[in-house]
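Colleague: Sequence first, predicted coordinates after that:
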Amino acid sequence: MILKINPNYSCPFCGKELGSRFSKCFNIYCQGQKFNVGNLIIYRLNPDLGIGRVIKKLEIPTSKSLDEDDTHFITKYKVSFRNKIIKIIHPIDLIHYIFEKEDQIVTKQGIGYINKKDFLIKNGIISYEFLMENGKVYQIFENEIYSKYETPIKSLISKQKFDPPKSFLIKYWANLFYSYYKSYQIKCITNSRLSLMPHQINVTHRLSEEHFPRIILADEVGLGKTIEAGIYIKEMMARDLAERILIIVPASLVKQWQFEMQNKFNINFAVYDGKKVKELKRKGSYKHPELLQNPFYYDNLIICSLQFARNRKYIELLSSIAWDIVVFDEAHHLRRYLTNAMTGNYRDTLAYELAKNLSINSEGMLLLTATPLQLHSFELFSLIELIHPDVFENFSDFEHFRK
């Protein structure tokens, strides 16, 4: 699918001027901010997926306390794309797909054309005037549209140009290399400034095979947990499987992690702290209004300190974002305490609460620590509960399994 950009495009819902047809409108009063099951959408972070359809609305809890009234939920949408690709997407990354006049579409009535540029909205579903090839006119809703129609020749012309041999060969080799990048072999190793040990390759291969693993990397000090995490991150980015990545480390390691990602993997992570957040909020007051609500949307690749992120006001903001990968270094700092072994009551620290909330709303999670068990086996149990909360019913069940 070729995405054509119109430099003078305006939001079809509120009229706000946008950069292109596939730019997100951040007017909080715009009807285009709302989505319903059946809506046709574009995923703005990966428009090459084509037109998707919202198939389910999800309410995902972000935090829990002893008082059930304090439970918070965020809304996300389950979206189906061609080739049976399913993604769970935050509404800020969705854009309504609006057909243009004379677009040819396929419906249950047959093949026809969008007859008018204007559209109507009924119960959150967009409807168009639809002109059949036999001349009949219908009002059709977007949830009745199967796909946008293109004849084979029109598809070829729209997606290809008949270029000189030199240009053709360049495209041929580009497509060949791209196919290598889409393979299941680890491809980023030769594109990094690394001297790898065999165990690091084995670990990275396992992580990449699972796509979004939730795992504890507990190699001993000096065996390269940072390198393993970096290879995995770069590999997922090379495969276009990860876009939003959050790394949380002790304050003393923030600059080191940023340097390692840049120097060894050529990945530029932004460092977030209190000063950065204030700066983004000032910028958002006139340039990016959405940053007033959550400044962490500004960058997709973020490193911050645990001491900064465990602040209650930042816990909620970070947890409201759908991260593809979350990495905690020195994860043994994510502690909770067993207050009553008989009843199984625990007391979470702010750091543990942060990790628990991020775990709910992230695809993959890596916990890096050389000492997952320091003083008591409950520490290891707590880390396991962050990545797989349903494996053990309680601490006693874990102890029985361990022994």
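Modeller: Arrived safely.

Colleague: Mind jotting down where the helices sit in the stretch 251-400 of the chain?
Modeller: Here the stretch 251-400 of the chain has its helices, by DSSP state H, counting those that start in this stretch, at 254-265, 274-284, 306-309, 312-319, 350-360, 377-387, 395-402.

Colleague: Can you name every helix or strand that the third one contacts?
Modeller: Going back to what we said before, that points to helix 306-309. strand 245-249, helix 312-319, helix 350-360 (3 or more Cβ pairs under 8 Å, 6 or more residues apart in numbering; DSSP states H and E). Where you see a C-beta, it was placed from the backbone N, CA and C, and this is true even at glycine.

Colleague: Identify the residue nearest residue 387 in space, chain neighbours excluded?
Modeller: residue 214 (3.8 Å; Cβ to Cβ, 6 or more residues apart in numbering).

Colleague: same thing with residue 319?
Modeller: residue 357 (3.8 Å).

Colleague: Likewise for residue 78?
Modeller: With Cβ to Cβ, 6+ apart, the residue lying closest to residue 78 is residue 56, at 3.9 Å.

Colleague: circling back to that earlier point, now tabulate the helices and strands packed on helix 306-309 in TSV and tack on mean pLDDT.
Modeller: TSV is the format used below for the helices and strands packed on helix 306-309 (pLDDT from 0 to 100):
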stretch	mean pLDDT
strand 245-249	96
helix 312-319	92
helix 350-360	93
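
Colleague: which of these sits most buried?
Modeller: strand 245-249 (a mean of 25; mean count of other Cβ atoms under 10 Å).

Colleague: how far off helix 312-319 does that strand point, in degrees?
Modeller: 150 degrees (axes from the mean of the first three to the mean of the last three Cα atoms, to 10 degrees).

Colleague: Tell me how many other residues crowd residue 120.
Modeller: Residues within reach of residue 120, counting by other Cβ atoms under 10 Å, total 11.

Colleague: same deal with the one 10 residues further on?
Modeller: Taking other Cβ under 10 Å as the criterion, the count of residues near residue 130 is 23.

Colleague: That one and residue 139 touch, don't they?
Modeller: Yes: shown here, residue 130 and residue 139 form a contact pair, counting by Cβ atoms under 8 Å, at 7.1 Å.

Colleague: Can you pull the poorly scored residue ranges out of the stretch 151-300 of the chain?
Modeller: Applying pLDDT under 70 to the stretch 151-300 of the chain picks out residues 151-164, 167, 175-202, 204-205, 208-210, 219-223, 283-292.

Colleague: Now do the contacts for residue 214.
Modeller: 359, 364, 365, 387, 388 (Cβ atoms under 8 Å, 6 or more residues apart in numbering).

Colleague: before we move on, the earlier item: to residue 393, which of the helices and strands packed on helix 306-309 lies closest?
Modeller: helix 350-360 (17.3 Å; Cβ to Cβ).

Colleague: Just the angle for that closest one relative to strand 245-249, thanks.
Modeller: Going by the same axes, to 10 degrees, helix 350-360 makes 160 degrees with strand 245-249.

Colleague: Check which helices and strands helix 350-360 sits against.
Modeller: Taking 3+ Cβ pairs under 8 Å, 6+ apart as the contact cut, helix 350-360 packs with strand 52-63, helix 306-309, helix 312-319, strand 323-329, helix 377-387.

Colleague: Which of these sits closest to residue 264?
Modeller: Nearest of the helices and strands packed on helix 350-360 (Cβ to Cβ): strand 323-329, 14.9 Å.

Colleague: report the angle between the axes of the closest one and strand 245-249?
Modeller: 20 degrees.

Colleague: which strands and helices sit next to strand 323-329?
Modeller: Using 3+ Cβ pairs under 8 Å, 6+ apart: strand 323-329 touches helix 225-238, strand 245-249, helix 350-360, strand 362-368.

Colleague: What lies in contact with that strand?
Modeller: 212, 225-226, 229, 232-233, 236, 241-250, 253, 257, 306, 334, 355, 358-359, 361-369.

Colleague: now the helices and strands packed on strand 323-329 as TSV including distance to residue 99?
Modeller: Listed next are the helices and strands packed on strand 323-329 as TSV, based on distance: least, Cβ to Cβ, whole Å:
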stretch	distance to residue 99
helix 225-238	33
strand 245-249	34
helix 350-360	36
strand 362-368	31
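
Colleague: closest to residue 24 out of these?
Modeller: strand 245-249 (20.2 Å).

Colleague: Which among the helices and strands packed on helix 350-360 is found nearest to residue 169?
Modeller: strand 52-63 (34.1 Å).

Colleague: and the closest one, average pLDDT?
Modeller: The average pLDDT within strand 52-63 is 81.

Colleague: Would you confirm that residue 92 contacts residue 24?
Modeller: Yes: using Cβ under 8 Å, residue 92 is in contact with residue 24, at 7.2 Å.

Colleague: sorry, back to before: distance check, the residue nearest to residue 78 against residue 38.
Modeller: Residue 56 sits 11 Å away from residue 38, going by Cβ to Cβ, to the nearest Å.

Colleague: go on, residue 14?
Modeller: Taken as Cβ to Cβ, the span from residue 14 to residue 38 is 21 Å.

Colleague: if you count what's nearby, which of the two comes out ahead?
Modeller: residue 38 (17 against 13).

Colleague: Quick check: closest non-adjacent residue to that one.
Modeller: Residue 38 sits nearest to residue 143 (Cβ to Cβ, 6+ apart), 3.2 Å away.

Colleague: That neighbour touches residue 55, doesn't it?
Modeller: No: judged on Cβ under 8 Å, residue 143 makes no contact with residue 55 at a distance of 10.2 Å.

Colleague: Name the nearest residue to residue 260, sequence neighbours excluded.
Modeller: residue 226 (5.8 Å).

Colleague: what sits against that neighbour?
Modeller: Going by Cβ under 8 Å, 6+ apart, the list of residues near residue 226 reads 257, 260, 329, 368.
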